[in-house]
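In: Okay, here's the prediction I keep looking at, along with the sequence it came from:
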Amino acid sequence: MTQHWQSTFGDQDAPIDSRLDKILVGRSAPMRQLKQVLNMVAPSDAPVMVQGETGVGKELVCEAIHAVSGRPGDLVAVNCAAIPSELLESELFGHEKGAFTGADSRRVGRIEQAQGGTLFLDEIGDMPAALQAKLLRVLETRRIQRVGGRGEIEVNFRLVTATHRALAKDVEEGRFRADLYFRINVFPVSVPSLSERLDDIPLILEAMIDRRQTQYPDVMTPHFNAGAIQALATHGWPGNVRELRNVFDRAAVLFAGRVVNAEAVCSHLLPMQGMTALAAEPISAAPAPSASVAPADAILDSIMNTDTSVDMRRHLRDMEVMMIDAALKKTGGSVSAAARTLRLQRTTLIEKMKKLAISREAALAS
């Protein structure tokens, strides 16, 4: 159904809202069709279900829907798979003081926080059955009750959900409520995989380079030549855009300030499985290490086997930036948790973040 109605209505001649192009990078036919659909659907209040493989950028699609919706409230995102089931109800509905052990004060839930805006429930297929029933009631009555509360609170939000699961099959097999499924699946939107839009790889890389240069103006970035782009296009991309982001982050450390070519891509940036044979070409500025060398040893190989000098301080700084970024993303922006992950004192990590101009917001957005 999703592909059918998208192909039917996604080829209209209406101009695309510029905010969609800013958030969703790509000009391939599948992306143009997706943007045409969002251009029509976003201004309405109808629930949207965003479907697609892991890593395709479903949260970005939700961000685009909210940006074009015209709703004045916030976009509030909840990952139903990342929150323990026993805590998810309080996270969504909030709680009153004393509602349970540890509830020392009133807490406003995510649904209330989305008042006048958009509520994004990611991985809704992982929502427990009991909460599915409560969410259905909220959608029908537009009222919620905090955990431990007595009165009801009127709410006004636009619901966008996302899943990588086949929810229709889950409904058939009794793992997801049929009535809730039909309530949230008013407009199903399918996000294309990266393998379906390989022509967008250069634009996506360009956007990643621009974002990195904006966040870290003193850190040199890699650039990808035509051979590198061709090599990237031969990969299957099971991890989609998220996997491409990891490849770019790896290149940012190993080839900072240099031009990446096909040999560098094959030897150091992508797994060999699924790669076709490509003609080798010299790497700009310094030859790539042999394919038998681990990517983490590429800089050492350049020191030992070439006449090219290596800026050690810059490479160490780049590595610190990448590790701190990764730790902050892993911990949802918690500096304390990131410090534990990196085995640093919290004050030490804060000092490094100031020195390297790293912010939690930028790390989470990257």
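Out: Yes, it's here. It should be emphasised that the depicted structure is a prediction, and the values quoted were computed from it without experimental measurement.

In: Tell me where the chain is predicted with low confidence.
Out: Across the chain, the ranges flagged by pLDDT under 70 are 1-13, 272-311, 313-315, 362-366.

In: which residue ends up closest to the midpoint of it in space?
Out: Centroid check for the chain by Cα atoms, centre = their mean gives G57 as the closest residue, at 5.2 Å.

In: Show me what secondary structure element comes after the helix or strand where Q36 lies.
Out: Following DSSP states H and E, one finds Q36 within helix 29-41. Past helix 29-41, further along toward the C-terminus, the next helix or strand under DSSP H and E is strand 48-51.

In: Output the helix or strand just after that following strand as PDB, nothing but the C-alphas.
Out: Per DSSP H and E, strand 48-51 leads on to helix 58-69 as the next helix or strand towards the C-terminus. What follows is the C-alpha trace of helix 58-69 in PDB, where atoms were taken according to Å, rounded to 0.1, in the frame of the first residue of the first chain:
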ATOM      1  CA  LYS A  58      13.400   8.000   9.700                       C
ATOM      2  CA  GLU A  59      13.900  10.600  12.400                       C
ATOM      3  CA  LEU A  60      15.000  13.100   9.800                       C
ATOM      4  CA  VAL A  61      11.800  12.500   7.900                       C
ATOM      5  CA  CYS A  62       9.800  13.200  11.100                       C
ATOM      6  CA  GLU A  63      11.900  16.400  11.600                       C
ATOM      7  CA  ALA A  64      11.000  17.400   8.100                       C
ATOM      8  CA  ILE A  65       7.300  16.700   8.600                       C
ATOM      9  CA  HIS A  66       7.300  18.900  11.800                       C
ATOM     10  CA  ALA A  67       9.200  21.700  10.100                       C
ATOM     11  CA  VAL A  68       6.600  21.900   7.300                       C
ATOM     12  CA  SER A  69       3.500  21.200   9.500                       C
END
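
In: For helix 58-69, buried residues please.
Out: Taking 16 or more other Cβ atoms under 10 Å as the neighbour-count basis, helix 58-69 is seen to contain the buried residues K58, E59, V61, C62, E63, A64, I65, H66, A67, V68, S69. All C-beta atoms are positioned from the backbone trio N, CA, C, and that covers glycine.
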